[in-house]
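**Student:** For reference, the sequence and a predicted model appear below.
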Amino acid sequence: MIPSLRSTTSRRHQVQCLSNLGRIAAASLTYAAEDPREQLSPLHRLAVLANHAAGFTGWWSWRTALPCSFGGVAAAVPMPTSGGHVTIMMDPEAPWADRPLNSYFPSEEPTVFRCPADVGYPKLPEDIQDVTMMAPPEATGIRCFDYLGNSYRSNGMGIVWPVGPLALGRVVTGVEGHGASSIPSPTRTVLYPEPLFYMWVYAASKFLPQALPDELRFPGWHGEVFADNVAYCDRWARLTQVGELQQFTHQELEEMNFSPGFWDTPYFFLRRGATWSMDTYNAPGSVIRVFSDTDCMSLWREDYIAGYTGWPFDDYAVNECPYSP
């Protein structure tokens, strides 16, 4: 039987997307080999500065824009939010245009950061929007590449200390802020997922120990239910189904030296499926955005994490601000 045009096109888009992700992951490994800290997922300079919210309303700078800022192009359309349209990512002179992985790709090939099947985030029922907050609801149906300049996002899973629109600090157990040699299972550790995959995993962790609602089990950009393309830390990419998240008992967490302060909410830091892992356990956590008096007015305070012991707080890596404000 001759496959339909739609299925042929969908398969071609999936293959092209996997090729994109593989090239991006390979470039990240090269970046890590040249970086003094071996950073596998390049941190945009705004990730460690207090002005990352400039031009944004609400928290969309750190929840939506920063995860896509490792590479890509200037946005083609503004990001719509309830507080107005964000245009700063369209400005080629703004700091958002300085994306660290771009230098590893010829300027005539910006489409490596565009999934041909990118149709943006779907419209979701209002009663579950609060557990899927990866992008403004007003951006539903707009290609991520169009308003973010990138169809893919980095794995920055962890916990955030927000004040207003600012994310003052993060403890990350995803790949962001970690060196390539510290990743214990590169073949199953997520490096760059497509946005719906990250959204599904985030939502599933919020619903545990209950089952994920059927409303969230829908086809991804490539037509597979509850699945999308993912690049891993070994530079290979594959279509990955979220499936059921692994759950942990207190005994298991104790054996893992997991921080007792988070035993009741372990999924801030540990999210795993049958074939994939968002966390980098047993590598210590990575603290991102550590500000000092001279650059960002001491917005981050060490007492935010003082008193926490165990993984991921023991021997955490620090990503201080190396730039002038």
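**Tutor:** Yep, it's here.
**Student:** Report the buried residues of stretch 95-102.
**Tutor:** When burial is assessed from 16 or more other CB atoms under 10 Å, stretch 95-102 yields the following buried residues: 95-97, 99-102. The way it works is simple: take the backbone N, C-alpha and C, and place the C-beta from them, glycine included.
**Student:** Strands - which of those land there?
**Tutor:** Using DSSP state E, no member of those falls in strands.
**Student:** Now do residue 182 against residue 317, distance only.
**Tutor:** Using CB to CB, to the nearest Å, residue 182 is found at 8 Å from residue 317.
**Student:** Could you pull out the strands in the chain for me?
**Tutor:** 79-81, 84-86, 158-163, 166-172, 190-193, 227-232, 237-241, 286-290, 317-320.
**Student:** Point out where the chain drops to low pLDDT.
**Tutor:** 1-6, 108-109, 290-301, 320-325 (pLDDT under 70).
**Student:** top helix in it by residue count?
**Tutor:** helix 5-34 (DSSP state H).
**Student:** So what touches the helix or strand that it is followed by?
**Tutor:** Sequence-wise, the next helix or strand downstream of helix 5-34 (DSSP states H and E) is helix 60. For helix 60, the external contacting residues (CB atoms under 8 Å, 6 or more residues apart in numbering) are 79, 81, 86, 135-136.
**Student:** do the same with stretch 254-272
**Tutor:** Applying CB under 8 Å, 6+ apart, the set of residues contacting stretch 254-272 is 157-159, 171, 173, 201, 204-206, 208, 245-246, 248, 250, 253, 277-279, 281-282, 285, 307-314.
**Student:** Over to stretch 94-103?
**Tutor:** 24, 27-28, 31, 42-46, 51, 55, 65, 69-72, 74, 88-89, 91, 149-150.
**Student:** how much distance is there from that stretch to the middle of the chain?
**Tutor:** Offset of stretch 94-103 from its chain centre (CA atoms, centre = their mean, to the nearest Å): 17 Å.
**Student:** One more: stretch 137-149?
**Tutor:** Centroid separation for stretch 137-149 versus its chain: 16 Å, with CA atoms, centre = their mean.
**Student:** Pull out the buried positions in it.
**Tutor:** Buried, per 16+ other CB under 10 Å, within stretch 137-149: 139, 142-149.
**Student:** before we move on, what about stretch 51-64?
**Tutor:** 52-53, 55-64.
**Student:** quick one on the thing from earlier: any chance of the buried residues of stretch 137-149 in JSON lines, plus distance to residue 212?
**Tutor:** Listed next are those as JSON lines, based on distance: CB to CB, whole Å:
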{"residue": "139", "distance to residue 212": "23"}
{"residue": "142", "distance to residue 212": "25"}
{"residue": "143", "distance to residue 212": "25"}
{"residue": "144", "distance to residue 212": "22"}
{"residue": "145", "distance to residue 212": "27"}
{"residue": "146", "distance to residue 212": "28"}
{"residue": "147", "distance to residue 212": "27"}
{"residue": "148", "distance to residue 212": "25"}
{"residue": "149", "distance to residue 212": "30"}
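**Student:** Show me which of those residues is closest to residue 129.
**Tutor:** For residue 129, the nearest member of the buried residues of stretch 137-149 is residue 139. The distance, counting by CB to CB, is 12.2 Å.
**Student:** circling back to that earlier point, reformat the buried residues of stretch 95-102 as CSV; add distance to residue 302.
**Tutor:** Putting these into CSV (distance: CB to CB, whole Å) gives the following:
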residue, distance to residue 302
95, 26
96, 29
97, 33
99, 30
100, 27
101, 31
102, 34
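**Student:** Most widely separated two among those?
**Tutor:** 95 and 101 (15.4 Å).
**Student:** returning to that earlier point: what sits in contact with each of residue 182 and residue 317?
**Tutor:** By CB under 8 Å, 6+ apart, no residue touches both residue 182 and residue 317.
**Student:** hmm, back to that, can you tell me which of the buried residues of stretch 137-149 is nearest residue 8?
**Tutor:** residue 143 (21.3 Å).
**Student:** contacting residues around the closest residue to the closest one other than its chain neighbours?
**Tutor:** Of all residues beyond its chain neighbours, the one nearest residue 143 is residue 118 (4.7 Å), with distances taken as CB to CB, 6 or more residues apart in numbering. By CB under 8 Å, 6+ apart, the residues touching residue 118 are 143-145, 151, 221.
**Student:** and of those, the nearest to residue 233?
**Tutor:** residue 151 (19.4 Å).
**Student:** if I read this right, the closest one contacts residue 143, doesn't it?
**Tutor:** Yes: look at residue 151 against residue 143 with CB atoms under 8 Å: they come within range, at 7.4 Å.
**Student:** ok, back up a step: can you flag which of the contacts of stretch 254-272 belong to helices?
**Tutor:** Reading helices off the contacts of stretch 254-272 with DSSP H, I get 201, 204-206, 250, 253.
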